[in-house]
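Enquirer: Structure of the sequence below:
(chains A and B)
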Number of protein chains: 2
Amino acid sequence: MKKQPDNRAVPMSAPACPVPPTNYENILLAHGGGGKLTADLIEKLFLPAFGDPALDERHDGAEINIGRIRLAMTTDSFVVTPLFFPGGDIGRLAVYGTLNDLAMCGARPLFLSAAFIIEEGLPLKTVHQVADSMGKAAKSSGIRLITGDTKVIERKSGNDLFVTTTGIGIIEHGLKISPQSIMKGDKIILSGDIGRHGTAVMACREGFEFETTIESDCAPLWNQVEIMLRENIEIHCLRDLTRGGLATALVEIAETSGLRLEIEESLIPVSDQVAGACEILGLDPLYVANEGRFICFVPEKQAGAAIGLLRQSAPNAAIIGQATDTPKKDYSNIRVVMKTPLGTSRIIDRITGDQLPRIC
Amino acid sequence: MKKQPDNRAVPMSAPACPVPPTNYENILLAHGGGGKLTADLIEKLFLPAFGDPALDERHDGAEINIGRIRLAMTTDSFVVTPLFFPGGDIGRLAVYGTLNDLAMCGARPLFLSAAFIIEEGLPLKTVHQVADSMGKAAKSSGIRLITGDTKVIERKSGNDLFVTTTGIGIIEHGLKISPQSIMKGDKIILSGDIGRHGTAVMACREGFEFETTIESDCAPLWNQVEIMLRENIEIHCLRDLTRGGLATALVEIAETSGLRLEIEESLIPVSDQVAGACEILGLDPLYVANEGRFICFVPEKQAGAAIGLLRQSAPNAAIIGQATDTPKKDYSNIRVVMKTPLGTSRIIDRITGDQLPRIC
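Expert: Residues are numbered from 1 along each chain as shown, chains lettered A, B, ... in the order given. Sure, this is the predicted structure:
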């Protein structure tokens, strides 16, 4: 971890997670956790069934061409509980989450659809608050909420609401922002301190109180991407650090790019409060979801310029590592390695179980 | 009802529905039923919160312009229970339902996203079957499933699955297909017999068995629209007859267009089996959801040509009425009137409660 006045180093250890049976026949919560089982479900079930080449990119969104126009399309369902948490709510999350997936394709967010599945018995006031929050988030970030749908399901707990947003953005540059574009030597930039969103939701859900309230980092990321594009930073890849956190994002990108990624623990900012809360909650900040942080792969010679631009709005942005050669033959499964402050190396892999159910 | 060898006339009567309290404070199932409360929720809550002019069109989808390209975007969540029913399943419904909403904008369906909310405990095999069905439906109708998302929620009944699809299509003609384009004198064409989907799902859910199984009419509608566009039929408005059925579609269109619509009961095809099942289930076919039927408003002089084209693939297509003048001052709330076989007039309005929860 990066030593900062308000940050402190914490040892990171692999979280203890239940290992699901290998021959599971039913959906487990972990299938939605962003880890190994989610990857399995996508790889073995959805991709073969849908069989579209756009899905093979393994990106947060799909790039589509209509005439000469390059668009990006992305969708996400939000099932976070509770609906309101410090720093945000399901509505804001649903707008920014999808906007951020567009931004991670390097696409200027344009249009958003919103589909609501509401449980019978939910107070109308709650629906109102969520819709209001969505409207405000959309307006303030320049994306238009243009179409929607509402369904109601029978009462169970009486307090559930699911929001699915789908976004369309336009790609106005000539870059191909994708794991496949990453080159050996590229620097990995992290846009800020990690672990806020997941810790805020978990602390709130479990009723934990800390000296200061941890707020979700839920925020739109397009402006930070746009400023780099405008200044001609040759961005090779972007990824926001949602479900599965920084660790899972790195593993996914390493697998798709075929490169080995090396990061340094001491360079990764984690705030004091988040580090402390993670210790108490038994979470590993590397795997905790963020909703306003991303990593960016840029050529080494532009890394300094990119950091300079990002720090205008993201003061904790930092270079945390680089893409190196292809993995050695004997270690072909080891794609992400983190150097610890003690000088040892920790292998970073996907999480097996589900650290944080219904976090987004 | 149109007398046909396999169809018989049945009297249509307003269904007996529970009237919700006027000062309801919680979400009721009827808020998702497509009737008065759904309209209320959209009108009083979502539209003011989202505040986008595209929403004021009150269409199934939104038209968006990117550069010189006209696109349509639409979204729908599907919560149908059971997941598999005669003639279809939630996957097929989710693909065709959204494809049809694009077709109703006069847009050629191009791309689809799919977001899954799966209940913990659902058999993986079920997810597989649904995904397979979606893949097949997409391929056979020429729309590409290009991006997706999966979330898992805690076990309650252990057998729930919700699918949200969002579609993008391209508008390649110069028409403005919308309720606002309807002219006095336009003929109303219905593309086939009504009531199959809702009756099939309800019969299956309630365990009713009839002499022959009623199958959902779940089917893609773009081809039927495309053939009319290709032959230069000047389509003024299209609407598929999903939640709330033919009656609700007519009321919504009449309200938005400001015109009075007149239809004739004897011209509306309902199959024998559907008519019989509706009697037993206490349903009014006019309000029962369809998933493969639409109405089309065309100039009187082209109505014959349009019917001819439609009947190539929809043998029961029929002209069922016309748009007339604006309502008389004294009867300004009466916008849709149906002439019964007895020569009397029945006023058609939105349904107050929820005839069929979780039908799509």
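
Enquirer: Tell me the spacing between whichever residue of the stretch 151-300 of chain A sits closest to chain B and residue B:159.
Expert: Using CB to the nearest CB, the closest approach of the stretch 151-300 of chain A to chain B is made by residue A:152 at 3.0 Å. C-beta coordinates here come from the backbone N, C-alpha and C atoms, glycine included. For residue A:152, the distance to residue B:159 equals 18 Å [CB to CB, to the nearest Å].

Enquirer: Neighbour count: the two, which is higher?
Expert: Each of residue A:152 and residue B:159 has its neighbours counted (other CB atoms under 10 Å in any protein chain shown); residue A:152 has more, 26 against 14.

Enquirer: what's that one sitting at in phi/psi?
Expert: phi -120, psi 130 (degrees, to the nearest 10).

Enquirer: can you give me phi and psi for the closest residue to it other than its chain neighbours?
Expert: Distance criterion CB to CB, 6 or more residues apart in numbering or on different chains; nearest residue to residue A:152, sequence neighbours excluded, is residue B:32 at 3.0 Å. Note on residue B:32: its backbone torsions stand at phi -110, psi 10 [degrees, to the nearest 10].

Enquirer: Which residues are in contact with residue B:32?
Expert: Residues in contact with residue B:32 (CB atoms under 8 Å, 6 or more residues apart in numbering or on different chains) are A:118, A:150-153, B:38, B:79, B:243, B:354, B:357-358.

Enquirer: Among these, which are located in helices?
Expert: The members of the contacts of residue B:32 that map onto helices under DSSP state H are residue B:38.

Enquirer: can you pull out the strands in chain A?
Expert: Using DSSP state E, the strands of chain A run over A:62-66, A:69-78, A:84-85, A:88-89, A:108-119, A:144-153, A:161-170, A:187-190, A:237-240, A:260-264, A:294-298, A:318-324, A:336-339, A:345-348.

Enquirer: What is the fourth one packed up against?
Expert: When you say that, I think you mean strand A:88-89. Where contact means 3 or more CB pairs under 8 Å, 6 or more residues apart in numbering or on different chains; DSSP states H and E, strand A:88-89 is packed against helix A:124-141.

Enquirer: Just list what the helix it packs on packs against, helices and strands only.
Expert: Counting contacts by 3+ CB pairs under 8 Å, 6+ apart, helix A:124-141 is packed against strand A:88-89, helix A:90-104, strand A:108-119, strand A:144-153, strand A:161-170, helix B:47-50.

Enquirer: Out of those, which gets nearest to residue B:26?
Expert: Closest approach to residue B:26 among the helices and strands packed on helix A:124-141 (CB to CB): strand A:108-119, 9.7 Å.

Enquirer: Which strands border the closest one, and is each parallel or antiparallel?
Expert: strand A:144-153 (parallel), strand A:161-170 (antiparallel) (DSSP bridges).

Enquirer: Export the strands of chain A to CSV and append columns for mean pLDDT.
Expert: What follows is the strands of chain A, written out as CSV (pLDDT from 0 to 100):
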stretch, mean pLDDT
strand A:62-66, 93
strand A:69-78, 96
strand A:84-85, 96
strand A:88-89, 96
strand A:108-119, 97
strand A:144-153, 95
strand A:161-170, 98
strand A:187-190, 98
strand A:237-240, 97
strand A:260-264, 96
strand A:294-298, 98
strand A:318-324, 97
strand A:336-339, 96
strand A:345-348, 94
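
Enquirer: So which of these is the most surrounded?
Expert: strand A:161-170 (a mean of 27; mean count of other CB atoms under 10 Å in any protein chain shown).
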